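> model this:
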Amino acid sequence: MSTKLNAMVRKFHQDEQGLEALQVVMIIAIAAMVMVACATLGQKAVTWMGQKWQTLQGTDISSST
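Numbers count the residues shown, from 1 in each chain. Alright, predicted model coming up:
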């Protein structure tokens, strides 16, 4: 069983299309992690700024339109 696995790994390693596909998947995964981090931190920043605005103005910014 391990011989078959080793042969498959060698074949995949030598196959440039397989390597290219792996690189694309890794880039997509990294991009997804960055997007999730930005969305999470971005929401926290908006909430923090809203709280500071309320402190400065004494009113809710969404009601002052």
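> Flag the shaky bits of the protein, pLDDT-wise.
When residues are selected by pLDDT under 70, those of the chain lie in 1, 12-15, 59-65.
> mind running it again at 90?
By pLDDT under 90, the weakly predicted segments of the chain are 1-23, 37-65.
> now the strands for it?
Assigned by DSSP state E, the chain shows no strands.
> Quick check: the residue nearest the centre of it vs Thr47, distance?
A centroid search over the chain (C-alpha atoms, centre = their mean) returns Met33, at 1.7 Å, as the residue closest to the centre. Distance of Met33 to Thr47, given as C-beta to C-beta, to the nearest Å: 22 Å. No exception for glycine: its C-beta is placed from N, CA and C like everyone else's.
> Let me see the contact set for the residue nearest to the centre of the chain.
When contacts are counted by C-beta atoms under 8 Å, 6 or more residues apart in numbering, Met33 touches no other residue.
> longest helix anywhere in the chain?
For the chain, the helix with the greatest residue count under DSSP state H is helix 16-57.
> count of neighbours near Gln54?
By the other C-beta atoms under 10 Å criterion, the neighbourhood of Gln54 contains 13 residues.
> same deal with the one 4 residues further on?
Other residues lying near Gly58 total 7 when counted by other C-beta under 10 Å.
> check contacts around it.
Here Gly58 is in contact with no residues (criterion: C-beta under 8 Å, 6+ apart).
> Distance of it relative to Thr40?
According to C-beta to C-beta, Gly58 and Thr40 sit 29 Å apart.
> can you check Leu19 too?
Between Leu19 and Thr40 the computed distance is 32 Å (C-beta to C-beta).
> on that earlier part again, and the residue nearest to the centre of the chain, how close does it get to Met26?
Using C-beta to C-beta, one obtains 11 Å as the distance from Met33 to Met26.
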